[in-house]
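**Q** okay, predicted coordinates and the sequence, questions at the end:
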Amino acid sequence: MSHTVKAEVPDKTTPVKTETPVIMAKNSSEHHLQAAKHHEEAAKHHHEAAKHHEAGNHEKACECTVKAHGHSAMAQEHQTEDVKQHASVK
């Protein structure tokens with residue numbers, strides 16, 4: 001069974017949001033802690049997805065996979081912000 005997730009793509013007139021909640025992190029250690037938290041949540045959801053696939057419940061597996069990917073994306077944002085902070089230090 002194939003599952004698709006539709007993403008809304010903004011048109012060229014839609015302003016792009018430039019500030020995300022990730023930017024609110026105060027320092028490098030907070031970015032690391034938040035990235036780790038999101039990696040742990042992503043792993044939890046990947047494990048749940050695997051269990052659902054093994055049980056034949058592919059719809060639930062798909063939901064868990066989407067949640068895992070969201071947490072992975074948030075972790076990546078924290079990592080990116082941390083790199084930016086390190087790059088700006090002279």
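**A** Cool, got the structure.

**Q** for the rest of this, base every contact and every neighbour count on C-alpha atoms.
**A** Noted.

**Q** which residues in this structure form helices?
**A** Along the chain, counting by DSSP state H, helices occupy 28-54, 58-88.

**Q** reformat those as CSV; add mean pLDDT and mean neighbour count.
**A** Formatted as CSV, the helices of the chain follow (pLDDT from 0 to 100; neighbours: other C-alpha atoms under 10 Å):
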stretch, mean pLDDT, mean neighbour count
helix 28-54, 96, 18
helix 58-88, 94, 17
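
**Q** where's residue 44 relative to residue 51, distance?
**A** Per C-alpha to C-alpha, to the nearest Å, residue 44 is found 11 Å from residue 51.

**Q** likewise residue 83?
**A** Distance, residue 83 to residue 51, using C-alpha to C-alpha: 35 Å.

**Q** equivalent analysis for residue 42, please.
**A** 14 Å.

**Q** could you do residue 78 as well?
**A** In this view, residue 78 and residue 51 are 28 Å apart by C-alpha to C-alpha.

**Q** which residue is the nearest non-sequential neighbour of residue 35?
**A** Spatial nearest neighbour of residue 35, chain neighbours left out: residue 75 (4.1 Å); criterion: C-alpha to C-alpha, 6 or more residues apart in numbering.

**Q** correction: residue 61
**A** Nearest in space to residue 61, with sequence neighbours left out and distances taken as C-alpha to C-alpha, 6+ apart, is residue 49 at 4.1 Å.

**Q** give me the most central residue, this structure.
**A** By C-alpha atoms, centre = their mean, the chain has its centre lying nearest to residue 73, at 2.4 Å.

**Q** what sits against the closest residue to residue 76 other than its chain neighbours?
**A** Spatial nearest neighbour of residue 76, excluding adjacent residues (C-alpha to C-alpha, 6+ apart): residue 35 at 7.0 Å. With contact set as C-alpha atoms under 8 Å, 6 or more residues apart in numbering, residue 35 has these partners: 74-79.

**Q** any idea which of those is closest to residue 30?
**A** residue 78 (8.7 Å; C-alpha to C-alpha).

**Q** I figured that closest one hits residue 31, correct?
**A** Yes. With contact defined as C-alpha atoms under 8 Å, residue 78 and residue 31 form a contacting pair (5.1 Å).
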